[in-house]
Each structure stands twice: as structure tokens, then as C-alpha cells.
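*Asks:* The following comprises the amino acid sequence and a computationally predicted model.
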Amino acid sequence: MIEVSSPLRLRLDREALVANWRWLAARSGAAACGAAVKADGYGLGARAVMHHLAAAGCRDFFVATWAEAAALMPLPEGVSLSVLHGVGASDMVAARTLPVRPVLASLAQVARWREAGEGRPCDVMVDTGMNRLGLRVEEAMSGALDGLRIETLLSHLASADEDSDQNAGQLAAFRAVREAVSARRYSLANSAGICLGADYAFDLTRPGIALYGGMPRVEAEGHIRQVAYPETRILQVRDVPAGEGVGYGATWTAPRASRVAIANMGYADGFLRCHAATGAGASWQGHVLPLIGRVSMDLIAFDASDAGAIGEGDWLTLDYDLPGTAVRSGLSQYELLTGLGARFERIWI
Ligand SMILES: *Cc1c(COP(=O)(O)O)cnc(C)c1O
């Protein structure tokens, strides 16, 4: 096969990922700290994330679908993997074959597992107020789960990133379920839930976004490090006379004779148009290059007038710290990571 180099790369910091997990594990107190690696590890690459975290001591991983689970085989030694969306009728072959547990999320799924799960252990999701996935509290406490081999009983917080009364309400509901339903372990907190305090940790926490550099709440500030650094290669640097426009719609006009760097990245790579006109930019060897004009599908322009000897083939590092970029773009920290496209070569350093 011909070696082809990609003009986009996602530089990924293994040490920062592991440091984030260790901080979340310490904040989880006596509870074990797992990792949500759904959506391909929030876009970073689930397999690599799982191996780096497993090497650091993480034992419990969560994906959304059976296809995601199958793509992670074989699992590292001693690692447990659960599928958050549970088992549909078409998932039963995968569910009986793979060394993975379903997180049963409805009475129908519970019935399906009783009938065809061959007595294997499972996890169960109880909905304590989000109205997304899971048995209702009264369903869970009605005896519907009696006799199941439940490894982990889960619930998920809807508003943990806010100071909302809903958090205490869900906590109380989860405690009641815990009294009534027997499982080996109980798990409630995602990244933001870990920040809410020890009451929310139970036996196992399930952070996602904070592992990858997202700031779930103020309590995490100063502790969570950036993990993902999108980089793009410059295709050409152009001289643009004062008064000429750049890009579709000529939304940027050169205020002086300018140098403009055109780089290999666009909205097809997840770098959406809402990033433009937000003061976002990139850096090269300590120089700051403001983003200018409209983002194209595969191209993007920067004002390189003050960027010294920058030229074709140089790599720009995008401003992509998640909390700041989220505020500027109006996208969530989750969207910023999971939107990064397949054209980025993922490189762990
Ligand atoms: C995605 C997810 C998590 C992780 O949430 P973050 O907010 O990314 O920490 C935990 N539990 C469940 C059920 C999830 O769907």
C-alpha cells in the first residue's frame, strides 16, 4: 500500500489523559473510577484510550452500542466492558458471544435477557428523573429485577453540571432503589457528578468528558488538562492586498497588505462555521494567527501577517481548549470533541 500522510492530525496527550483519570479517581474516594469510551472515546480513539487507562489501573469501561463493543475486542486483561444501550432483539447474538455486559434499560430488555441471556450477569439502568434510558424507579422496585445477576446498577444524572435541585432529587431516588434492588455495585456519577461530592460516588464512577480535557464544573478547574490538540498543515501562504476579501462571501477584508495562510481543514472535519468570527485562531512557533473569513468544507484561512517566516507545509495548532472554545463557538465541549472528523490522523504522544 502507498503511504499517504494526512494534512490533519490530532495530537493526543497520553499523560494528560491518565492524569485526568487519576484526579477523577481520587475525587471518587473509595469508589472505583471507570471510563465512558462511547463515540470512539469521544472522538479520540476508544481502543487507544482504553489501553492507556487500563495500563493506569482503570477496570470499567462503557460504550453505547454493540458495534462499539465488538470493535474493542480483545479486551485487555481484567477489564470489564458494558453496553449502555442494552439489548435490542437484533443484539442478542452479540450479547451472548462477546465478553461484555448489557446495561438493561427497559422492562422489555429485562424480559429479553431473562429469556435469552442464559443466566449471565448484566447491568441495569434505572431512570431517576432524566427520562432518557432506564427502568422507572417504581418498575425497578416492583420485583421486576428479582433473581437477575446484576453486576452494576446504574443511574445517570441529568443536571450534574448545574447547581440544580434535580441532583439531590436523583440522589435520593437512587438511594431508595439501592435499598430495594440487590446488585454487586451501584454507580451514579459521570464527570460532573464526581465534582458534586462523595455522596454521589457509590461504588463506581463513570467519567467521560473530563478524561478528555472537558471541564464539567468549576471544582475541576486547575485539575483537568487538555488532551486533544487539532493541528492542520498549511497549503499555501498568499499575499492579499489591502481592501480585498477572503473566502466565501468575502466576510473578511484585508485592512492592510496582509499575508494569509490557507490550511487543510474545514467544516467537514468538524471545524464548523460557528468558530469563525469568535476570536478563535491558531498558533505557530509562538505566533498567534487569527482565523479569518468563512470556514469552507476543506479549507480555512488565517491572518499570518505577524507570523514571521511561516510557509507551506508548516503545522498550525488550533486554539482548542474545550471550555474556552465552547464559550466562543456556542458548541458544547462534547460536540467539540466528538465532531472532529475521520480525516484527522490520531497521534498519541
Ligand atoms: C456518557 C455517559 C457518561 C459519561 O458522562 P460525562 O458527562 O461525559 O462524564 C456516564 N454515564 C452514562 C450513562 C453516559 O451515557
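*Replies:* Structure's in. What do you need? Numbering: from 1, shown residues only.
*Asks:* Could you check how far the closest residue to the ligand within the stretch 1-150 of the chain is from G208?
*Replies:* Going by C-beta to the nearest ligand atom, the ligand is nearest to A36 of the stretch 1-150 of the chain, at 3.8 Å. In short, each C-beta sits where N, CA and C put it, glycine included. As judged by C-beta to C-beta, to the nearest Å, A36 and G208 stand 3 Å apart.
*Asks:* between those two, what contacts are shared?
*Replies:* Common contacts of A36 and G208 (C-beta atoms under 8 Å, 6 or more residues apart in numbering): Y42, N190.
*Asks:* ok, these two, which is more surrounded?
*Replies:* Higher neighbour count among A36 and G208: A36, with 24 against 21, using other C-beta atoms under 10 Å.
*Asks:* what about the longest helix in the protein?
*Replies:* The residue-count maximum for a helix in the chain (DSSP state H) belongs to helix 165-180.
*Asks:* Are that helix and the ligand in contact anywhere?
*Replies:* No: contact of helix 165-180 with the ligand is not found when judged by C-beta under 6 Å from any ligand atom; the minimum separation is 12.5 Å.
*Asks:* So what touches that helix?
*Replies:* Residues contacting helix 165-180 (C-beta under 8 Å, 6+ apart): 126, 128-130, 137, 140-141, 153, 155, 157-160, 186, 188, 193, 196, 199-200, 202.
*Asks:* The residues you listed in helices, which ones?
*Replies:* Using DSSP H, those in helices are V137, A140, G193.
*Asks:* List the residues that contact the one residue in the chain that gets nearest to the ligand.
*Replies:* Taking C-beta to the nearest ligand atom, the ligand has its nearest neighbour within the chain at G208, 2.6 Å off. For G208, the contacting residues are A35, A36, V37, K38, Y42, N190, S191, by C-beta under 8 Å, 6+ apart.
*Asks:* possible to save those as a markdown table with pLDDT and secondary structure?
*Replies:* Putting the contacts of G208 into a markdown table (pLDDT from 0 to 100; DSSP: H, G, I helix; E, B strand; the rest coil) gives the following:
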| residue | pLDDT | secondary structure |
| --- | --- | --- |
| A35 | 99 | strand |
| A36 | 99 | strand |
| V37 | 98 | coil |
| K38 | 98 | helix |
| Y42 | 98 | helix |
| N190 | 98 | coil |
| S191 | 98 | helix |
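*Asks:* how about the longest helix of the chain: buried residues?
*Replies:* Of the residues in helix 165-180, N167, Q170, L171, A173, F174, V177, R178 count as buried by neighbour count, 16 or more other C-beta atoms under 10 Å.
*Asks:* List the buried residues for the helix or strand encompassing A326?
*Replies:* Secondary-structure assignment from DSSP states H and E places A326 in helix 322-329. Within helix 322-329, the residues scored as buried using 16+ other C-beta under 10 Å are L322, P323, T325, A326, S329.
*Asks:* I'd say R256 and S305 touch.
*Replies:* Yes: R256 is within contact range of S305, at 7.5 Å (criterion: C-beta atoms under 8 Å).
*Asks:* Between these two, tell me which one has more neighbours.
*Replies:* Looking at R256 and S305 with other C-beta under 10 Å, you find the greater number of neighbours at S305, namely 18 against 9.
*Asks:* Tell me which residues touch that one, please.
*Replies:* Applying C-beta under 8 Å, 6+ apart, we find S305 in contact with R256, S258, R259.
*Asks:* Could I get the average pLDDT for the longest helix of the chain?
*Replies:* What helix 165-180 shows for mean pLDDT is 98.
*Asks:* quick one: contacts for N20?
*Replies:* Listed by C-beta under 8 Å, 6+ apart, the contact partners of N20 are A210, L211, Y212, G213, H223, I224, R225, V227.
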